[in-house]
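Trainee: coords please:
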Amino acid sequence: MHWFKILLISIYAFDALFVIGNIGKERKPIAPGDAIMNVITSALIIMGILHYF
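Mentor: This is a model prediction of the structure:
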């Protein structure tokens, strides 16, 4: 179960970095508000997972 939590955290961290990297790029227009909300949501989920370690 420990490796599963690490995998989840890695996925959410990568997703947050991907969203941050997409801010300001013209390839796919993302509203800054949506990107920020995605990052905040990912951070909350990561903190929630870490809480159960």
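
Trainee: Any stretches of this protein with poor pLDDT?
Mentor: Low-confidence segments of the chain, defined by pLDDT under 70: 1, 17, 19-33, 35, 53.

Trainee: Quick one: the strands in it, in order.
Mentor: With DSSP state E as the definition, the chain shows no strands.

Trainee: Near A16, how many other residues are there?
Mentor: 19 (other CB atoms under 10 Å). Yep, even glycine has a C-beta here, placed from its N, CA and C like the rest.

Trainee: for it, what are its contacts?
Mentor: Counting by CB atoms under 8 Å, 6 or more residues apart in numbering, A16 makes contact with 38-39, 42-43.

Trainee: can I get the residues you listed in TSV with neighbour count and distance to F14?
Mentor: Compiled in TSV, the contacts of A16 are given as follows (neighbours: other CB atoms under 10 Å; distance: CB to CB, whole Å):
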residue	neighbour count	distance to F14
N38	17	12
V39	16	12
S42	21	9
A43	13	13
